[in-house]
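# give me a model of this one.
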Amino acid sequence: MSRERARRRAEQEQAKVEAAAERARREERAQRRDTAVGPLRTLLGRRSGAGAAQGSVARRRRGQNAVIAVLFLIVQVVTWLLSSDWWVRFGVLAVSVLALPVLVTLTLDRRS
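Presented below is the predicted three-dimensional model:
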């Protein structure tokens with residue numbers, strides 16, 4: 001009976017040692033990551049709030065914003081490639097910046 005208890009106690013002690021070693025490895029890995037990423041975090045700053053929203057509406061909104069940004073960039077790149085006149089390039093940029101909110105509201109606004 002005491003041999004069985006001693007064996008179980010030894011197994012428990014071994015499990016505790018292994019768990020402590022794994023915890024130490026994780027903490028050391030996290031410390032290395034924080035040391036490597038720390039300067040980048042300070043350069044970029046922290047996000048405000050509790051983080052990115054995770055719902056389906058937020059996911060759809062992020063997708064819509066990505067499509068809007070890509071289309072805006074495509075219009076600008078095509079304009080810069082097809083036109084050599086600086087007035088046309090800056091004119092399209094100005095019209096795009098002014099018309100973008102109107103077009104987004106007309107096409108994506110679901111309140112009405």
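
# mind checking the longest helix of this structure?
helix 2-44 (DSSP state H).

# and the next helix or strand past it?
Counting by DSSP states H and E, the element after helix 2-44 in chain order, helix or strand, is helix 56-82.

# and that following helix, average pLDDT?
The pLDDT scores in helix 56-82 average 91.

# helix or strand right after it?
According to DSSP H and E, the helix or strand after helix 56-82 is helix 86-108.

# tell me how far that next one lies from the chain's centre.
Its chain's C-alpha centre and that of helix 86-108 lie 27 Å apart, by C-alpha atoms, centre = their mean, to the nearest Å.

# now do that helix: everything it contacts.
64, 68, 72, 75-76, 79-80, 83 (C-beta atoms under 8 Å, 6 or more residues apart in numbering). Just so you know, the C-beta spots here come from the backbone N, C-alpha and C atoms, and that holds for glycine as well.

# hmm, 10 Å instead?
Applying C-beta atoms under 10 Å, 6 or more residues apart in numbering, the contact partners of helix 86-108 are 60-61, 64-65, 67-69, 71-73, 75-76, 78-80, 82-83, 85, 111-112.

# now the angle from it to helix 56-82?
With axes from the mean of the first three to the mean of the last three C-alpha atoms, to 10 degrees defining the directions, helix 86-108 sits at 160 degrees from helix 56-82.

# now do the buried residues in helix 86-108.
By 16 or more other C-beta atoms under 10 Å, the buried positions in helix 86-108 come out as 92, 96.

# mean confidence (pLDDT) on it, please.
92.

# with stretch 7-25 instead?
Summarised as a single mean, pLDDT over stretch 7-25 is 93.

# quick check: can you list the domain ranges of the protein?
For the chain, the structural domains run 1-46, 56-108, going by automatic domain parsing.

# packing partners for the longest helix of the chain?
Using 3 or more C-beta pairs under 10 Å, 6 or more residues apart in numbering; DSSP states H and E as the contact test, no helix or strand touches helix 2-44.

# now that helix, how far from the centre of its chain.
Its chain's average C-alpha position is 28 Å from that of helix 2-44, according to C-alpha atoms, centre = their mean.

# now do the buried residues in stretch 15-29.
For stretch 15-29, the neighbour count (16+ other C-beta under 10 Å) marks no residue as buried.
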